[in-house]
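Participant: Take this sequence and fold it.
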Amino acid sequence: DAWTFKSISAYRWLDSDSYIDIDASQFQLGDVFVGFRQKQASQEFQFQYDNGSNLQAVYGIYWLREMVPSHQEAYADDLFALAGNPIDFLRTIDDDLTTESYAAFAHANWEFSPGWSLSGGLRWTRETKDYDRTTSTFWGAPFGALNETVAFDGKQGWTALTPSIALQNQITDQSMVYISANRGFKSGGFNGRANSAPEVASAKFDPEYVWTYEAGFKTRSADGRLQGNFAVFHSDYRDFQARVSEVQNPESETPTFAFPVLNAAKLEIDGFEFEGAALFGQGTRLSGQLGYMKARYKEFIDPRVQLNPLLADLHDHVPFSPEWSARVALAQTIGFNSGAALTVGGDVSYRDDTWLSVDNRPGLMQPAYTLVGLFGVWDSSDAKWQVRAGVRNLTDKVYKTDGQEFSSVGNIQTAYFGWPRNYYLSARYSF
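Facilitator: Have a look, this model is predicted:
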């Protein structure tokens, strides 16, 4: 009676053909075709234990296999010229990546004293990547002699033990405190942009690891109308994987552009998070979140910076780590005699300055911005139907969400933007 067996099986596939104009101009500087056929399957078995009192545990094994063959073509006929005459350029890339991951894990929660719980877990992961890549370069006259094909294959596996531990105290029925420590692992791999013999020689990069420590406090009022959660955290990264951009032999008439992945950095993040909610009167709900994050490199080993002092500020900011973020939402629910309900409301969210690339290029930094949304939700009396409608980005704010940095190729920097003002309507049925 104390044991439960659970099986989770999954299969996924994705076919994609994309045409990308990296330079976003009328010139053919970085026009790219990317086509891939991705497939993956996974299986997980869990054995769950509950003694009906003070001990719960889960033991499991996990397997995943993913295959991603792809074909790419890169055109740059307008990038190279000799004596004013353009030179044709084409690069084709065919690669095939197979990833296989095995894991075994265990986690238990033990209430060793009234109100006190200790939980701990351990995961063993073995991940293997098998990568084949062929790159062919085709130059027009008079550089046809430079045409070449570079091919390599690599196979590498990595093993990691990632523990977790947490201590929790239920102070009262409405309040609890906790502390925790967790280790994370991101496996290594092979640089999918290695296009020359020197790049192939250093295509492999190592895993990335992080320890995260957290302490928090959760509380709510006896009547449930007030609720607040607060947490502080510290994360310590090692061997942070960073894709950078560089130019090899820049004085040549046919320079080589490289995009290596470096295990470049030691990175630390400190911060806190708060979220709260309050109910006022009949059906009025105010909620909010506030987050602060201070991310900084303790070390960033980049050969370009060592060779060129003018690049000393290239890694002053950690990407995708805004210092402040916040959200406030207000909603009013109106109940009808039939039992149905209508909720209307809105929210305002804020995100601080955010750098969008490892190499801190000014064009790939998004200044702080604020977004506004409105929504309405109707729930049927039997709770089976729900219809939701609303508008996102009410003020039609223009803002960047991501960036691709190819500055070693014609100083190309590509930004991706968030949706403009948009409307949505959805319906949901539960059975």
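Participant: Strands along the stretch 1-150 of the chain, start to end?
Facilitator: Ranges of strands in the stretch 1-150 of the chain, per DSSP state E, counting those that start in this stretch, are 3-21, 31-50, 55-75, 81-82, 85-86, 89-113, 116-139, 148-172.
Participant: which one of the ones you listed lies closest to Asn360?
Facilitator: strand 3-21 (23.2 Å; C-beta to C-beta). C-beta coordinates here come from the backbone N, C-alpha and C atoms, glycine included.
Participant: Who are the packing partners of that closest one?
Facilitator: If you count contacts as 3 or more C-beta pairs under 8 Å, 6 or more residues apart in numbering; DSSP states H and E, strand 3-21 packs onto strand 31-50.
Participant: in the strand it packs on, what counts as buried?
Facilitator: Asp31, Val32, Phe36, Glu44 (16 or more other C-beta atoms under 10 Å).
Participant: From Leu97, how far off is the third one?
Facilitator: Spelled out, that is Phe36. 10 Å (C-beta to C-beta, to the nearest Å).
Participant: Am I right that Gln395 falls within a strand?
Facilitator: Small correction: residue 395 is Thr, not Gln. No. Using DSSP: H, G, I helix; E, B strand; the rest coil, the assignment for Thr395 is coil, not a strand.
Participant: now it, nearest residue through space, not along the chain?
Facilitator: Excluding the flanking residues, the one nearest Thr395 by C-beta to C-beta, 6 or more residues apart in numbering is Val372, at 5.4 Å.
Participant: what about that neighbour, how many neighbours?
Facilitator: By other C-beta atoms under 10 Å, 16 other residues sit near Val372.
Participant: my read: it touches Asp347, true?
Facilitator: Yes. Using C-beta atoms under 8 Å, Val372 is in contact with Asp347, at 7.4 Å.
Participant: any common contacting residues for those two?
Facilitator: With contacts defined as C-beta atoms under 8 Å, 6 or more residues apart in numbering, no residue is adjacent to both Val372 and Asp347.
Participant: packing partners for the helix or strand Phe230 falls within?
Facilitator: According to DSSP states H and E, Phe230 maps onto strand 226-243. The contact analysis (3+ C-beta pairs under 8 Å, 6+ apart) places strand 226-243 against strand 208-220, strand 261-280.
Participant: partners of the helix or strand just after the longest one in the sheet?
Facilitator: Which is strand 261-280. Toward the C-terminus, strand 261-280 is succeeded by strand 284-300 as the next helix or strand (DSSP H and E). Its sheet considered, strand 284-300 pairs with strand 261-280 (antiparallel), strand 324-335 (antiparallel) by DSSP bridges.
Participant: Rebuild these as TSV, extending it with mean pLDDT, mean neighbour count and distance to Gln289.
Facilitator: Conversion of those to TSV gives the following (pLDDT from 0 to 100; neighbours: other C-beta atoms under 10 Å; distance: least, C-beta to C-beta, whole Å):
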stretch	mean pLDDT	mean neighbour count	distance to Gln289
strand 261-280	95	17	4
strand 324-335	97	15	5
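Participant: And Thr92, how far from Asp17?
Facilitator: Thr92 is 15 Å from Asp17, by C-beta to C-beta.
Participant: Pick out whichever of those two has more residues nearby.
Facilitator: Set Thr92 next to Asp17 and count neighbours by other C-beta under 10 Å: Thr92 wins out with 15 against 10.
Participant: Find the nearest non-adjacent residue to the more buried one, please.
Facilitator: Counting by C-beta to C-beta, 6+ apart, the residue nearest Thr92 is Ser136, at 4.9 Å.
Participant: What residues does that neighbour make contact with?
Facilitator: Contacts of Ser136 by C-beta under 8 Å, 6+ apart are Arg91, Thr92, Ile93, Asn147, Glu148, Thr149, Val150.
Participant: do the same with Ala264
Facilitator: Phe240, Gln241, Ala242, Val244, Phe300, Ile301, Asp302.
Participant: How about it, nearest residue that isn't a chain neighbour?
Facilitator: Ala242 (4.4 Å).
Participant: what does the helix or strand where Val305 lies rub up against?
Facilitator: Per DSSP H and E, Val305 falls inside helix 303-307. The contact list for helix 303-307, computed with C-beta under 8 Å, 6+ apart, reads Val244, Glu246, Leu311, Ala312, Leu314, His315.
Participant: and if you look at stretch 229-240?
Facilitator: 206-219, 263-276.
Participant: ok, now with 7 Å
Facilitator: 206-218, 263-275 (C-beta atoms under 7 Å, 6 or more residues apart in numbering).
Participant: how about that stretch as CSV, C-alpha atoms only?
Facilitator: Only the C-alpha atoms of stretch 229-240 are listed here, as CSV (Å, rounded to 0.1, in the frame of the first residue of the first chain):
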residue,chain,number,x,y,z
ASN,A,229,6.6,34.8,0.0
PHE,A,230,10.2,36.1,0.3
ALA,A,231,13.5,34.4,-0.8
VAL,A,232,17.2,35.3,-1.0
PHE,A,233,19.6,33.3,-3.2
HIS,A,234,23.2,33.0,-4.3
SER,A,235,24.4,31.1,-7.4
ASP,A,236,28.0,30.2,-8.1
TYR,A,237,28.8,29.1,-11.7
ARG,A,238,32.0,27.5,-12.9
ASP,A,239,33.1,26.9,-16.5
PHE,A,240,30.3,29.1,-17.8
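Participant: on that earlier part again, relative to Arg91, how far out is the residue nearest to Thr92?
Facilitator: Distance of Ser136 to Arg91, computed by C-beta to C-beta: 7 Å.
Participant: Now do the contacts for the closest residue to Ala160 other than its chain neighbours.
Facilitator: Distances taken as C-beta to C-beta, 6+ apart put Phe185 closest to Ala160, at 4.0 Å, once the chain neighbours are dropped. Contact partners of Phe185, counting by C-beta under 7 Å, 6+ apart, are Thr125, Ala160, Thr162, Pro207, Tyr209.
Participant: In contact with the residue most central in space within the chain, which residues?
Facilitator: Per C-alpha atoms, centre = their mean, the C-alpha nearest to the average position across the chain is that of Phe320, at 9.3 Å. When contacts are counted by C-beta under 7 Å, 6+ apart, Phe320 touches Thr354.
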